[in-house]
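A.B. asks: Generate coordinates for the sequence data below:
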Amino acid sequence: MAVLGAEELDRRLGAYRLGQAVYAFTALGIPDLMAAGCATSAELARQAGCVEPLLHRLLRALASEGVLTQEGDCFGLTPASSRLASEAPSSIRAMLLGWRLLPEKYAAFGSLAHTVRTGEPAFDHRYGTSFHKYLAEHPDVADAYQAAMSSTTDGFDAAAAAYDFSEARTVVDVGGGRGDLLVSVLARNPGIRGVLFDLPGVVADAPAALAGAPEAARIDVVGGDMFSAVPVGGDIYLFSTVLRCYDDDACIRVLHRCRDAMADGGRVLAIEMRRPDGPWTSPTGLADLEALVTYGGIDRTDAEWSRLFDRAGFELTRVVPIDENFAILEARLRVIT
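C.D. replies: Sure thing, here's the model as predicted:
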């Protein structure tokens with residue numbers, strides 16, 4: 001675990017400025033305008049409808065940080081910043097605008113001290129409602145968030161490939177958004193049916209989003225509240241970075257709903273960030289604070305997951321790594337002898 005020197009700490013404390021500069025640059029659509037090659041701030045301001053001297057200052061600042069190149073009055077994208085364009089291979093535009101630098105989440109971090117002092121999630125304190133309720137009330141923010149989640153298709157494919165789903169008949173994706181993970185699972189397992197389950201406002205657009213997928217015919221879309229009930233009869237109840245959004249008591253309530261609904265021999269699969277038992281390395285600690293600030297949630301170690309499942313009447317039976325940070329946690333009903 002590296003210890004920061006004074007100069008490096010000072011530098012990192014100002015990193016929020018770079019993040020917000022990149023957000024503004026991306027939200028204004030400038031990367032798309034620069035995708036064809038370098039351009040002057042006057043040309044870009046004219047196309048984007050910006051105040052030219054102020055756009056010039058933004059571009060100059062990004063160039064000074066190595067985000068852009070600058071030759072005279074001409075600014076260009078670097079291999080890294082080219083990914084901010086919407087049509088770039090491995091584009092991070094949707095993830096940046098809808099999650100990493102989502103303005104509401106950024107603003108909520110300003111109330112982290114309040115959370116540590118009181119226990120109230122910073123987002124709730126800042127906006128007077130929970131993150132998911134806020135999304136339901138602000139469709140534009142919800143669309144940006146869902147676009148960010150849908151952009152992680154490589155991760156969904158990796159998760160679908162890491163675990164053997166072939167023995168299941170029905171997979172219920174709890175909190176599954178618009179169905180991208182479920183499509184990846186069903187694409188690899190043609191004999192399985194899926195149930196996409198999320199809040200009614202979230203799944204309202206799912207049929208349209210799924211329309212082009214061959215797997216759509218095997219997916220039932222159901223709206224509801226997972227704290228009240230989940231669809232019955234599933235062999236697998238699948239969660240993808242959902243349980244990290246809640247404290248232990250809330251997770252146990254959801255797991256009890258799964259226990260009541262699952263078919264005989266059913267199981268829970270939770271795709272979650274895997275945290276070591278010892279000291280954490282960057283950026284795991286900040287990701288945990290992100291869960292705290294945004295949802296009042298927590299990232300857990302394998303031992304903490306095991307204790308959580310045990311309290312809900314399950315046994316953590318397998319941990320299947322997906323990559324360096326994520327794993328699939330398999331939990332089955334605990335057998336009482």
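
A.B. asks: Any regions of the protein where pLDDT drops low?
C.D. replies: 1, 336-337 (pLDDT under 70).

A.B. asks: quick one: the strands in it?
C.D. replies: Assigned by DSSP state E, the strands in the chain fall at 39-40, 68-71, 74-77, 170-174, 193-198, 219-223, 236-240, 267-273, 314-321, 326-333.

A.B. asks: mind giving me CSV with those and columns for mean neighbour count?
C.D. replies: C-beta: built from backbone N, CA, C; applies to glycine. Converted to CSV, the strands of the chain look like this (neighbours: other Cβ atoms under 10 Å):
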stretch, mean neighbour count
strand 39-40, 18
strand 68-71, 15
strand 74-77, 19
strand 170-174, 25
strand 193-198, 25
strand 219-223, 17
strand 236-240, 26
strand 267-273, 23
strand 314-321, 15
strand 326-333, 20
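
A.B. asks: got JSON lines for the ones you listed, with distance to Y134 too?
C.D. replies: Compiled in JSON lines, these are given as follows (distance: least, Cβ to Cβ, whole Å):
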{"stretch": "strand 39-40", "distance to Y134": "37"}
{"stretch": "strand 68-71", "distance to Y134": "33"}
{"stretch": "strand 74-77", "distance to Y134": "33"}
{"stretch": "strand 170-174", "distance to Y134": "20"}
{"stretch": "strand 193-198", "distance to Y134": "16"}
{"stretch": "strand 219-223", "distance to Y134": "18"}
{"stretch": "strand 236-240", "distance to Y134": "20"}
{"stretch": "strand 267-273", "distance to Y134": "23"}
{"stretch": "strand 314-321", "distance to Y134": "31"}
{"stretch": "strand 326-333", "distance to Y134": "26"}
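
A.B. asks: wait, which of those is closest to R60?
C.D. replies: strand 68-71 (7.0 Å; Cβ to Cβ).

A.B. asks: Name the residues that touch that closest one?
C.D. replies: Contacts with strand 68-71, where a contact means Cβ atoms under 8 Å, 6 or more residues apart in numbering, come from C38, L59, R60, L62, A63, F75, G76, L77, T78, S81.

A.B. asks: ok, the fifth one to A39 distance?
C.D. replies: Spelled out, that is A63. According to Cβ to Cβ, to the nearest Å, A63 and A39 sit 13 Å apart.
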